[in-house]
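> Attaching a predicted model along with its sequence, questions to come.
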Amino acid sequence: FNFATLCISVSHRDESASATYYLREKTESEKADKTVSITSTSAQDTLIEEWMYYRNLQHGENEFTLRNKQVKQRADECILALDKLIEINSGIPVQNVLKSKFDWTTLENSMDLCRIAAVGHSFGGATVIEALCKDVKFKYVKLQ
């Protein structure tokens, strides 16, 4: 038997991290504006980095309401990542904005979907519990 572990790290877009970004298509006005920089020399001219930063609790704002909303979004993002892995394992082609040359079909039928684990520490631990409540495809959990 030849076993390997596949580990996915989700970069959450709930404004709970110090900073993160994702790539998005430029708007028509951004395409026309030559001062808007592209992500890198290898990225297409149509992509731009959209940065997200930590969101402080506002004066008078209920912390539970904010954190609860964030943890639910984080769990949904974990489920979305798992669903994408299941599609990859099924041989469904992946559309990647980075236009990489990687052949995703090489991963077809390569994952043991009966041994899916979710791992989290601190707020990530709360994320894992929420994900487990929302989706039964997660089989194992490790909280730290």
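Looks like it arrived, so ask away.
> Now do the strands in the protein.
Taking DSSP state E as the criterion, the chain carries its strands at 19-25, 47-53, 117-120, 140-143.
> Columns distance to L107, mean pLDDT and mean neighbour count on top of those, output as CSV?
(Glycine included, C-beta is placed from N, CA and C.) Converted to CSV, the strands of the chain look like this (distance: least, C-beta to C-beta, whole Å; pLDDT from 0 to 100; neighbours: other C-beta atoms under 10 Å):
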stretch, distance to L107, mean pLDDT, mean neighbour count
strand 19-25, 22, 90, 13
strand 47-53, 24, 92, 14
strand 117-120, 18, 90, 18
strand 140-143, 21, 80, 12
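> To A81, which of the ones you listed lies closest?
A81 sits nearest to strand 117-120 of all the strands of the chain, at 10.1 Å, using C-beta to C-beta.
> that older thread, tabulate the strands of the chain (TSV), appending distance to K99.
Listed next are the strands of the chain as TSV, based on distance: least, C-beta to C-beta, whole Å:
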stretch	distance to K99
strand 19-25	11
strand 47-53	9
strand 117-120	30
strand 140-143	34
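> For N96, find the nearest of the ones you listed.
strand 19-25 (9.8 Å).
> Provide the contact partners of that closest one at residue level.
11-13, 39, 43, 46-54, 97-98 (C-beta atoms under 8 Å, 6 or more residues apart in numbering).
> circling back to that earlier point, of all the strands of the chain, which one is nearest E130?
strand 117-120 (9.6 Å).
> name the helices or strands packed onto the closest one?
With contacts defined as 3 or more C-beta pairs under 8 Å, 6 or more residues apart in numbering; DSSP states H and E, the packing partners of strand 117-120 are helix 123-134, strand 140-143.
> which neighbours does the shortest one have in its sheet, and in what orientation?
When sheet partners are counted by DSSP bridges, strand 140-143 sits next to strand 117-120 (parallel).
> next one: the partner strand to chain centre, how far?
14 Å (C-alpha atoms, centre = their mean, to the nearest Å).
> Contacts for that strand next, please.
Counting by C-beta under 8 Å, 6+ apart, 78, 126-128, 131-132, 138-144 sit against strand 117-120.
> Which residues are in contact with E50?
Y21, Y22, L23, R24.
> So what pairs up with it in the strands?
Under the criterion used (DSSP bridges), E50 bridges to Y22.
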